[in-house]
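Asker: Here is a sequence with its predicted model. Questions after.
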Amino acid sequence: MGLTRRAFLGGALGAAGTAALAGLDPFPARRALALPAPFMAGTTLEQVIVRGTAGAGGYATLVTGPGEPYLRRTDLGGLPAGDGDSRVMACFAQLTDIHVMDVQSPARFEFFDSYGSIAGLSDLISAYRPNELLSAQVGDAMVARLRQVQHGPATGRPLQFTIVTGDNTDNCQFNELRWYIDLLDGQSVRPDSGDLTRYEGVMDDVAPDPYFWHPESGFGTPSSAFGFPTVPGLLDAARAPFQAIGLGVPWYAAYGNHDGLVQGSVARTPLLQQLATGPLKLTGLPPSILAQPLSTQVSFLVGLLREDPTAVNLELSQGSRRIVTPDPDRRIIDRTTTVAEHFNTTGTPAGHGFTAANVSQGTAYYTFDIGLIHGIVLDTVVSAGGADGSLDPGQLAWLEAQLQAVSRRWLSPGGDIVTRPGRHNKLALIFSHHTIGTMGNVPAGSGRIGGDEVAVLLLRYPNAILWVNGHTHRNQVIPHARAADAAISGGFWELNTAAHIDWPEQSRIVEIVDNLDGTLSVFGTILDHAGPVARGGLSTTTALAALSRELAANDWQDRTDFRRGSIGDRNVELVVPAPFASSGQAQAVSAARMAQRAASRP
């Protein structure tokens with residue numbers, strides 16, 4: 001498909017707009033595409049949603065700001081020639097960290113959250129969020145936005161597929177898994193469990209804990225100290241069934257730590273399985289422990305996480321609790337069950353990338369091919385536990401074999417160029433849940449491989465141009481360059497996108513363009529979900545999603561814009577030297593040579 005090169009976006013983002021951006025980031029070239037308005041509508045090219053002026057307790061409603069143009073980044077070298085023809089190679093959407101959540105589950109320990117700010121326990125900060133009961137509705141509103149946009153904003157190419165890069169569920173429960181699959185497939189979703197006639201969790205007014213937000217009554221610290229609103233009827237509205245809109249395009253899935261570990265960090269055990277499906281929901285530490293110094297409380301909490309018998313017995317016998325309605329669908333599931341359930345779908349493809357071999361072997365890594373794109377989906381979850389990830393040796397060897405299968409040349413470990421002329425070149429795109437920087441979970445003696453070593457491998461293969469991931473809940477773009485003296489220049493880009501569950505609740509569309517001049521451009525465009533900017537009623541998923549976004553922006557544990565990333569992490573054009581000449585480029589070069597010969601004839 002041919003694409004004519006575009007002029008700079010004019011109007012408010014002309015000379016004055018780009019001059020204003022110059023003080024915010026180091027990238028000198030700022031090109032946006034003069035495409036028809038429908039391709040920008042619904043994206044942050046058109047407008048952004050930001051926190052407004054803070055009111056009582058620091059609580060801020062949300063407002064819109066001007067759209068953000070693409071920023072061209074040439075950290076890896078290469079500079080597109082200008083206004084010649086281009087070829088669109090891929091256009092897809094990335095959803096990540098949806099965290100579809102059963103907020104009433106006895107296998108969730110929300111009271112851990114207050115200890116998350118203590119050194120060494122930062123993983124616990126995700127044990128509770130005031131907006132978490134609306135995770136399914138946010139997912140539906142994000143899908144609604146994709147259905148509205150439909151095309152790549154930079155190229156106008158229709159979306160070819162969607163990739164969901166892990167933490168699709170929050171607590172590796174069977175009911176969460178079904179809700180997330182049905183959500184993306186466009187089925188009826190009822191994000192409720194236990195007693196379907198009432199809410200049974202930490203946010204109602206049954207023995208209320210002041211740490212949590214109580215939307216029906218306004219009881220507790222979030223309302224009195226942090227300005228949280230009272231929203232009557234929310235607990236019923238959040239549990240009501242709804243008809244999901246569905247992606248309407250093929251979608252693929254990666255496996256995240258919350259998809260395989262309890263609360264995203266603890267391996268399942270018989271005790272946790274029993275708690276998940278049973279009637280006892282623990283809501284606090286024993287009074288005798290709470291009366292002790294903070295250091296003693298932390299030691300006790302660590303003991304619980306490790307299932308120390310003394311700590312567990314004391315918690316089960318004396319810890320705060322409530323009796324809830326048991327539900328067998330809350331059962332904690334393993335990797336094989338998760339993979340197999342993806343075949344129980346009305347969407348495409350069957351299995352959503354996972355294969356029969358994955359089911360039989362208990363693995364969750366695979367490949368898929370679309371045109372000249374070879375997608376390589378990694379499984380970075382450590383089954384023994386820990387929120388961060390790594391690879392096992394077998395998967396690393398498999399990864400290298402996949403890279404070699406779509407490459408005619410690469411670098412040996414010693415830096416020499418290896419050529420295999422008979423192979424068919426494809427662009428290798430890596431997808432995973434964890435980022436390179438969060439793949440440091442390498443237990444002693446495990447033989448597992450961390451992110452830095454995986455990056456070294458990828459840098460030997462020029463066809464690997466992009467690694468798309470999640471986990472950090474933050475928009476971030478990181479260049480990984482080959483050494484200056486390497487026999488092949490360039491490197492690959494790491495594209496990390498914010499979560500659905502935390503502010504700013506965003507996703508990204510990715511487009512890859514062959515500039516037919518020896519460079520490729522990877523366009524990344526940030527999307528806000530389809531919820532209105534100002535919260536309103538409770539009768540639709542988009543209205544509930546709007547409330548979720550406002551609540552997330554006001555989470556008292558983080559009221560910053562850190563997760564939005566810098567302006568150079570959001571709407572970007574990432575340039576990379578083309579690893580091989582495409583057929584379109586070869587034809588363009590051949591035509592140019594023929595024209596030169598014709599002109600030189602007498």
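Answerer: Sure thing, it's come through.

Asker: List the buried residues in stretch 343-353.
Answerer: 345, 347, 351-353 (16 or more other C-beta atoms under 10 Å). No exception for glycine: its C-beta is placed from N, CA and C like everyone else's.

Asker: now it: mean pLDDT?
Answerer: Mean pLDDT, computed over stretch 343-353, is 98.

Asker: Kindly report the same for stretch 218-231.
Answerer: 97.

Asker: can you list contacts of that stretch?
Answerer: 55-59, 130, 205, 208-217, 538, 547, 551, 554, 556 (C-beta atoms under 8 Å, 6 or more residues apart in numbering).

Asker: again, only this time at 6 Å
Answerer: Stretch 218-231 has contacts (C-beta atoms under 6 Å, 6 or more residues apart in numbering) with 56-57, 59, 208, 210, 213-215, 556.

Asker: Tell me the one of those nearest T283?
Answerer: P208 (10.2 Å; C-beta to C-beta).

Asker: now that closest one: how far from D517?
Answerer: Relative to D517, P208 is positioned 64 Å away (C-beta to C-beta, to the nearest Å).

Asker: can you give me the strands for the stretch 1-150 of the chain?
Answerer: 2-4, 47-54, 60-66, 71-73, 85-95 (DSSP state E, counting those that start in this stretch).

Asker: hang on, the earlier thing: relative to V88, which of the buried residues of stretch 343-353 is nearest.
Answerer: Nearest to V88 among the buried residues of stretch 343-353, with distances taken as C-beta to C-beta, is G353, at 22.3 Å.

Asker: sorry, back to before: give the residue from P208 and D517 that has the larger number of neighbours.
Answerer: Using other C-beta atoms under 10 Å, the more surrounded residue of P208 and D517 is D517, with 18 against 15.

Asker: so what's the backbone phi/psi at the more buried one?
Answerer: The phi/psi pair for D517 (degrees, to the nearest 10) reads phi -140, psi 20.

Asker: nearest residue to it other than its sequence neighbours?
Answerer: A81 (4.2 Å; C-beta to C-beta, 6 or more residues apart in numbering).

Asker: for G156, same thing?
Answerer: Closest to G156 by C-beta to C-beta, 6+ apart is F39, at 5.4 Å.

Asker: Relative to P208, how far out is F300?
Answerer: Taken as C-beta to C-beta, the span from F300 to P208 is 24 Å.

Asker: Equivalent analysis for A486, please.
Answerer: From A486 across to P208, the span is 61 Å (C-beta to C-beta).

Asker: Doesn't V510 lie inside a strand?
Answerer: Yes: assessed by DSSP: H, G, I helix; E, B strand; the rest coil, V510 belongs to a strand.

Asker: OK, contacts around it?
Answerer: 92, 524.

Asker: partners of it in the sheet?
Answerer: Judged by DSSP bridges, the bridge partners of V510 are F92, G524.

Asker: if we can go back for a sec, out of the strands of the stretch 1-150 of the chain, flag the one nearest G414.
Answerer: For these, the distance to G414 is smallest for strand 71-73, at 30.3 Å, taking C-beta to C-beta.

Asker: So for the closest one, mean pLDDT?
Answerer: 96.

Asker: what lines up beside that strand in the sheet?
Answerer: Strand 71-73 has these strand partners (DSSP bridges): strand 572-577 (parallel).

Asker: What residues sit buried inside the strand it pairs with?
Answerer: Quick answer for strand 572-577 (16+ other C-beta under 10 Å): 572-577.

Asker: and of those, the nearest to T43?
Answerer: Nearest member of the buried residues of strand 572-577 to T43, counting by C-beta to C-beta, is V572, at 12.9 Å.

Asker: just for the stretch 101-250 of the chain, where's the confidence low?
Answerer: 119-120, 122-123 (pLDDT under 70).

Asker: now the chain
Answerer: 1-38, 83-84, 119-120, 122-123, 583-602.

Asker: Repeat the analysis, applying 50 as the threshold.
Answerer: Counting by pLDDT under 50, the ranges of the chain that qualify are 1-34, 585-602.

Asker: Please name the nearest non-neighbouring residue to the residue positioned nearest the centre of it.
Answerer: For the chain, T96 is the residue whose C-alpha lies nearest the centre (C-alpha atoms, centre = their mean; 2.3 Å). Once flanking residues are discounted, T96 sits nearest to G470: 3.2 Å by C-beta to C-beta, 6+ apart.

Asker: Touching, the one you found and D97? I think so.
Answerer: Yes: look at G470 against D97 with C-beta atoms under 6 Å: they come within range, at 4.9 Å.

Asker: what's the neighbour count on the closest residue in space to I323 that isn't next to it in sequence?
Answerer: Nearest in space to I323, with sequence neighbours left out and distances taken as C-beta to C-beta, 6+ apart, is P279 at 5.3 Å. By the criterion of other C-beta under 10 Å, P279 has 15 neighbours.

Asker: which residues does P279 contact?
Answerer: Counting by C-beta under 6 Å, 6+ apart, P279 touches 323-324, 326.

Asker: May I have the phi/psi pair for it?
Answerer: Taking degrees, to the nearest 10 as the convention, P279 sits at phi -100, psi 0.

Asker: F228 now?
Answerer: Taking degrees, to the nearest 10 as the convention, F228 sits at phi -70, psi 140.

Asker: Around it, how many other residues sit close by?
Answerer: What F228 shows, counting by other C-beta under 10 Å, is a neighbour count of 24.

Asker: how much space between it and W556?
Answerer: Counting by C-beta to C-beta, the gap from F228 to W556 is 9 Å.

Asker: on that earlier part again, quick one: which of the contacts of stretch 218-231 has the most company?
Answerer: The most neighbours, when the contacts of stretch 218-231 are compared by other C-beta under 10 Å, belong to W213, which has 28 neighbours.

Asker: Just read off the phi/psi values of E341.
Answerer: phi -70, psi -20.

Asker: does the spatially closest residue to it that is not a sequence neighbour sit in a helix, a strand or a coil?
Answerer: Closest residue in space to E341, ignoring its immediate chain neighbours: L177 at 5.5 Å, by C-beta to C-beta, 6+ apart. With three-state DSSP as the basis, L177 sits in helix.

Asker: From D259, how far out is L177?
Answerer: Per C-beta to C-beta, L177 is found 8 Å from D259.

Asker: Overlap in contacts, these two.
Answerer: T169.

Asker: neighbour count winner among the two?
Answerer: D259 (28 against 21).

Asker: List the residues that contact the more buried one.
Answerer: Contacts of D259 by C-beta under 6 Å, 6+ apart are 168-169, 172, 338.

Asker: what's the closest of these to P69?
Answerer: N168 (31.6 Å).

Asker: what about that closest one, how many neighbours?
Answerer: 30.

Asker: residues near the closest residue to it other than its chain neighbours, how many?
Answerer: Leaving out its chain neighbours, the residue that sits closest to N168 by C-beta to C-beta, 6+ apart is Y180, at 4.7 Å. Neighbour count of Y180, defined by other C-beta under 10 Å: 26.

Asker: For Y180, pull up the helix or strand it's in.
Answerer: Using DSSP states H and E, Y180 sits in helix 174-185.
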